[in-house]
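Undergrad: Fold the stuff below for me.
(chains A and B)
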Protein chains: 2
Amino acid sequence: MLTPERLSLNTATVKKQWGLRECVDGCVRHGLGGIAPWRDVLHAAGVDEGAKMIRDSGLGVSGLCRGGWYTAEGALTDAVLDDNKRAVDEAVAIGAACLVMVVGGLAPGSRDIAGARAIVTEGLGRTLDYARSVGMKIAIEPLHPMYAADRACVNTLGQTLDICDQLGDGVGAAVDVYHVWWDPEILPQIVRAGPERLMAFHLCDWLVPTRDLLTDRGMMGDGVIDLKGLRAAVEASGFAGLNEVEIFSELDWWKRDADEVLATIVERGRTAC
Amino acid sequence: MLTPERLSLNTATVKKQWGLRECVDGCVRHGLGGIAPWRDVLHAAGVDEGAKMIRDSGLGVSGLCRGGWYTAEGALTDAVLDDNKRAVDEAVAIGAACLVMVVGGLAPGSRDIAGARAIVTEGLGRTLDYARSVGMKIAIEPLHPMYAADRACVNTLGQTLDICDQLGDGVGAAVDVYHVWWDPEILPQIVRAGPERLMAFHLCDWLVPTRDLLTDRGMMGDGVIDLKGLRAAVEASGFAGLNEVEIFSELDWWKRDADEVLATIVERGRTAC
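TA: Predicted structure coming up:
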């Protein structure tokens, strides 16, 4: 049972309906404890204006989505590294708990996933050097293996923690139930992560059938993920942050009135999580 | 480089075009070394007639698809166990190298994936007892995590081998590149499997973008999987069986003339594998 003040709205959940101003006001109106903006939404509002908007609202900021995409141009380029530095600065500006990293898939035209993972690890290390200097945490989000080719070649929490072990302090994981629920190793890896490295926890659900690889996520309770079990596991391992709701749903929730979406999130927080 | 006699046709690759008779004749005509029928195709031809057809052709049989689905009725039932015994008998009848197991996903209405995995392990053990008595090998096919809910709750080679360790001799893995290519642990797990437990090796490709979760597999060479690298790994670990081509493709290959499909398989065996 999650009361609304323990929930955070990832702005992608209402990306077709609301900009940052409406998201902030909606979170306050529905009693949510926090928000997690995507960068495009923050940019549209203006970083300084958006940061002030959020600060004035009193909402927590469970994360900024997203840095990463280190493989976008093949080898690491200044453009990619600079964009990640800007993402760190923006995360600082809005007081985010962490910068969430979607690391990128295979380099264009490549079949070398080990090579992609090496590029990503190097890129994360470079961004981490900067993030440490400004006091921002870096949260690697392992993405479901169905995104390994085109979005993120980091696909399990275990692999994420191996990278964290290599990079040292200040880097951890954003655990999204959608990406990890199937993993036979998920519970021991949550224990291994521990409180310092469990930096974010994202909620939605896995629908059966799933009609689209990217935009058919379910509202909590409408799918098959053991949400209560996974939440208990991260809390037992020391996670005490907000529970961020991130639902990509072209076929359903993006078509609804956004206040209905938030009211449903609040209700499902109480009944399904 | 795979010459045609090292290839086997999984009948699902031309399921919309050909029955067993046409598949057998097509394999012989294109010089393939083997075939792997699905049970529905075998049943349509008649098990005895189909077995004779294959035997007379001189083709090898890289596997029978498929047993499993232990969670179909929730707890293990006699109906499920009996069907798996029949699958073993059919695999023996056609001289298959192994019976391939798609183990089943969550039980109907359940969110308990650990429970599903327990049912599956018990069911596999029961089938294995019988399979040993008639000399048939059981090959567990770990399926891509995007099928964990509705098709198979065994999703990595490591998890498969943990189950094999528990069950003992006569059970191993069917390694399909489509399901395992993304796994950061795949190479060490192939080494761990070794020649006794690498019972089947399936080829196709992962397309970018993938437009459907089930029926948008690619022809070898049209996607992003490092086919040569994975084949080298299984061969280095002692696999010496046929390379079975299994492509579910509603949008492309199921619409083409089946002889064109087989000619393309032969060509891509030479150029892309």
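Undergrad: ok, which residues in the stretch 101-250 of chain A are in contact with chain B?
TA: Within the stretch 101-250 of chain A, the positions near chain B by C-beta under 8 Å from any C-beta of the partner chain are A:106, A:110-113, A:117, A:144-146, A:148-150, A:153, A:155-156, A:158-159, A:162, A:181-184, A:206, A:208-210, A:213, A:223-226. Quick note: C-beta positions are derived from backbone N, CA and C, even for glycine.
Undergrad: Narrow those residues to just the buried residues.
TA: For those, a burial check counting by 16 or more other C-beta atoms under 10 Å in any protein chain shown picks out A:106, A:110-113, A:117, A:144-146, A:148-150, A:153, A:155-156, A:158-159, A:181-184, A:206, A:210, A:213, A:223-226.
Undergrad: which ones among those are found in helices?
TA: A:113, A:117, A:158-159 (DSSP state H).
Undergrad: if we take those residues, which one ends up nearest to residue B:83?
TA: Nearest to residue B:83 out of these is residue A:158 (C-beta to C-beta; 35.3 Å).
Undergrad: Please tell me I have it right and the closest one contacts residue A:185.
TA: Yes: using C-beta atoms under 8 Å, residue A:158 is in contact with residue A:185, at 5.5 Å.
Undergrad: Remind me what the helix or strand containing residue A:201 packs against, helices and strands.
TA: Element membership for residue A:201, per DSSP states H and E: strand A:198-203. Using 3 or more C-beta pairs under 8 Å, 6 or more residues apart in numbering or on different chains; DSSP states H and E, the elements in contact with strand A:198-203 are strand A:171-176, helix A:177-180, helix A:227-236, strand A:243-245.
Undergrad: Go again with 6 Å.
TA: If you count contacts as 3 or more C-beta pairs under 6 Å, 6 or more residues apart in numbering or on different chains; DSSP states H and E, strand A:198-203 packs onto strand A:171-176, strand A:243-245.
Undergrad: To residue B:196, which of these lies closest?
TA: For residue B:196, the closest of the helices and strands packed on strand A:198-203 is strand A:171-176, at 36.2 Å, according to C-beta to C-beta.
Undergrad: That closest one versus helix A:227-236: what angle between them?
TA: With axes from the mean of the first three to the mean of the last three C-alpha atoms, to 10 degrees applied, the angle from strand A:171-176 to helix A:227-236 works out at 160 degrees.
Undergrad: And strand A:171-176, how far out from the chain middle?
TA: Taking C-alpha atoms, centre = their mean, to the nearest Å, one finds the center of strand A:171-176 at 8 Å from the center of the full chain.
Undergrad: and the angle for that strand with strand A:198-203?
TA: Between strand A:171-176 and strand A:198-203, the angle comes out at 10 degrees (the same axes, to 10 degrees).
Undergrad: which neighbours does strand A:171-176 have in its sheet, and in what orientation?
TA: strand A:138-140 (parallel), strand A:198-203 (parallel) (DSSP bridges).
Undergrad: Now tell me what touches it from outside.
TA: A:100, A:128, A:138-141, A:157, A:160, A:164, A:193, A:197, A:199-202 (C-beta atoms under 6 Å, 6 or more residues apart in numbering or on different chains).
Undergrad: Same question for stretch A:73-87.
TA: Counting by C-beta under 6 Å, 6+ apart, A:67, A:70, A:72, A:99, A:107, A:123, A:126-127, A:130 sit against stretch A:73-87.
Undergrad: Narrow those to those that are buried.
TA: When the contacts of stretch A:73-87 are checked for burial by 16+ other C-beta under 10 Å, the buried set is A:67, A:70, A:72, A:99, A:107, A:123, A:127.
Undergrad: Mind pulling up the pLDDT for the third one?
TA: Read it as residue A:72. pLDDT for residue A:72: 96.
Undergrad: do the same with the first one
TA: Here, the pLDDT recorded for residue A:67 equals 98.
Undergrad: Please give the element, helix or strand, for it.
TA: Counting by DSSP H and E, residue A:67 is part of strand A:64-68.
Undergrad: now for that strand, which elements pack on it?
TA: helix A:78-93, strand A:99-102.
Undergrad: Quickly compare those and say which is most buried.
TA: Comparing these by mean neighbour count (mean count of other C-beta atoms under 10 Å in any protein chain shown), strand A:99-102 ranks first with a mean of 28.
Undergrad: which other residues reach that one?
TA: Contacts of strand A:99-102 (C-beta under 6 Å, 6+ apart): A:63-68, A:87-88, A:91, A:136, A:138-141, A:152, A:174.
Undergrad: which residue packs closest to the closest residue to chain B within the stretch 1-150 of chain A, ignoring adjacent ones?
TA: Using C-beta to the nearest C-beta, residue A:148 is the residue of the stretch 1-150 of chain A that sits closest to chain B, at 3.6 Å. Spatial nearest neighbour of residue A:148, excluding adjacent residues (C-beta to C-beta, 6 or more residues apart in numbering or on different chains): residue B:182 at 3.6 Å.
Undergrad: ok, the one you found - contacts?
TA: With C-beta under 6 Å, 6+ apart, residue B:182 has these contacts: A:145, A:148, A:155.
Undergrad: Please repeat the previous calculation with a cut-off of 10 Å.
TA: A:105, A:113, A:144-149, A:153, A:155-156, B:144-145, B:156, B:206, B:224-225 (C-beta atoms under 10 Å, 6 or more residues apart in numbering or on different chains).
Undergrad: Next: residue A:40.
TA: Contacts here follow C-beta under 10 Å, 6+ apart; on that basis residue A:40 touches A:11-12, A:15, A:20, A:65.
Undergrad: ok so it is a helix residue?
TA: Yes: judged by DSSP: H, G, I helix; E, B strand; the rest coil, residue A:40 forms part of a helix.
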